[in-house]
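>>> Below are the sequence and a predicted model; questions follow.
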Amino acid sequence: MKTLTGKDLAAAIRAQTQAEAAAGVQPRLAVVVATADEASLWYVRSIAKAAAGAGIACDVVDLGPGAAPDQIAETLARLSADPQVHGLMLQTPLPPGASAQELAAAIDPRKDVDGANPLSLGRLAAGLPAFPPATAAAVLALLDHHEVELAGRRAVVVGRSTVVGKPLAHLLLDRHATVTVCHSRTRDLAAVTSQAEVLVAAAGRAGLIGAAHVAAGAVVIDVGTNPTDDGGLTGDVDFEAVSGVAGALTPVPGGVGPVTTALLLRHTARAANLP
Ligand code: NAD
């Protein structure tokens, strides 16, 4: 079984992004935050650190966990209109009563580097240029990096969220895979997933995918990031059980996560140099 790590790929994307950033106008990413959730704040700090390493300016606009939806919408509209800002993302979770999908409509699609505006998902579904959510793009980047063939192959995505499952299904369709999307109402999940030649788990349920869910030799990408009792992270895939069946499998942490952050920065550098 091959372990599909993401660290080398992430480093290569960051180096390429740094070169792109140095060649043109310095890209600037703004991240709007309205939460006290420690895991979310940790992720924002890791984006800021990676941005600094890639020559990208990063402004964290922290409105605090008590921010009103109007205040968040006004901030996004102001940053969307600011010519100094090239990439804009709204970090979740948000305060009660604030809808990420409704608020993300205030992000200029040309700055929507994490594909959160519903227009971006619509354009993606229509096969038009758009920034896909960085996580969905990271799955494709990992598959490409490890030279996994997609055309004509059976791909199964577990999870149908607008940030991961749905955009990923469109990206896989664009690459001519035969795509099935499973979700919490899917009956007999293992019967469907065990047909997959490429299986992506993005449900947010630790250990959901066991050996019985996986076909011999399948390529398995684990998007899940579930907190463990000891303060660590674990995926949706039971790594030990599945590594005895799969042909290739991503680890958590160290698989999709680092590539996601690197692609967010690449999207920002590209947004800064859009014609
Ligand atoms: P979500 O809660 O919005 O969606 C989960 C999806 O999984 C839903 O469509 C649901 O129907 C499906 N699901 C839930 N339980 C299921 C079950 N028992 N069987 C089949 N399907 C089931 O979550 P999300 O935002 O899409 O995130 C999914 C996971 O990916 C989470 O663990 C999240 O932390 C992780 N994530 C990782 C990255 C990264 O960069 N690595 C980025 C974003 C999200």
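Right, received. Where do you want to start?
>>> wait, Leu199 sits on Val214?
Yes - counting by C-beta atoms under 8 Å, Leu199 touches Val214, with 6.3 Å between them. Yep, even glycine has a C-beta here, placed from its N, CA and C like the rest.
>>> any idea how far Ala125 is from Leu173?
Leu173 sits 9 Å away from Ala125, going by C-beta to C-beta, to the nearest Å.
>>> Please apply the same query to Cys58.
From Cys58 to Ala125 the distance is 30 Å (C-beta to C-beta).
>>> what about these two, which has more around it?
Cys58 (20 against 15; other C-beta atoms under 10 Å).
>>> Any idea what the more buried one is bridged to?
Counting by DSSP bridges, Cys58 forms beta bridges with Leu29.
>>> Show me where the chain dips below the pLDDT cut-off.
Filtered on pLDDT under 70, the chain yields no residues whatsoever.
>>> contacting residues for the residue nearest the centre of it?
By C-alpha atoms, centre = their mean, the mean C-alpha position of the chain lies nearest to Thr135, the distance being 1.2 Å. By C-beta atoms under 8 Å, 6 or more residues apart in numbering, the contact set of Thr135 is 163-164, 168, 202, 223, 256, 260.
>>> Within reach of the ligand, which of the residues you listed are there?
Contacts with the ligand within the contacts of Thr135, counted by C-beta under 6 Å from any ligand atom: 163-164, 202, 223, 256, 260.
>>> Would you point out the most distant pair within the residues you listed?
Val163 and Val256 (12.7 Å; C-beta to C-beta).
>>> between the two, who's got more neighbours?
Neighbour count, other C-beta under 10 Å: between Val163 and Val256, Val256 has more, with 29 against 21.
>>> Correct me if wrong: the more buried one contacts Ala138.
Yes - proximity of Val256 to Ala138 meets the contact threshold set by C-beta under 8 Å, at 5.1 Å.
>>> so what sits against both of these two?
Common contact partners of Val256 and Ala138 (C-beta under 8 Å, 6+ apart): Gly6.
>>> For the nearest residue to Ser99 once chain neighbours are set aside, give me its contacts.
Once flanking residues are discounted, Ser99 sits nearest to Pro69: 7.5 Å by C-beta to C-beta, 6 or more residues apart in numbering. Residues near Pro69 by C-beta under 8 Å, 6+ apart: 94-95, 97-99, 102-103.
>>> can you rerun that using 7 Å?
Counting by C-beta atoms under 7 Å, 6 or more residues apart in numbering, Pro69 touches 97-98, 103.
>>> any idea how far it lies from Thr225?
In this view, Pro69 and Thr225 are 26 Å apart by C-beta to C-beta.
>>> Residue ranges of each domain in the protein, please.
Split into domains by automatic domain parsing, the chain comes to 23-108, 134-257.
>>> Next, the distance between the ends of the longest one.
From its first residue to its last, domain 134-257 covers 10 Å (C-alpha to C-alpha, to the nearest Å).
>>> same thing with the shortest one?
Distance between the boundary residues of domain 23-108 (C-alpha to C-alpha) amounts to 24 Å.
>>> ok, which stretches of this protein are helices?
Listed in chain order, the helices of the chain (DSSP state H) span 7-23, 38-53, 69-81, 100-104, 118-125, 134-145, 165-174, 189-193, 239-243, 256-272.
>>> what's the most buried one of those helices?
For the helices of the chain, average neighbour numbers computed from mean count of other C-beta atoms under 10 Å are highest in helix 256-272, which has a mean of 25.
>>> hmm, who's touching that helix?
Under C-beta under 7 Å, 6+ apart, the answer for helix 256-272 is 6-7, 9-10, 13-14, 17, 20-21, 24-25, 27, 29, 46-47, 50-51, 54, 56, 86-87, 110-111, 113-114, 131, 134-135, 137-139, 141-142, 221, 223, 225, 250.
>>> Cool, thanks, talk later.
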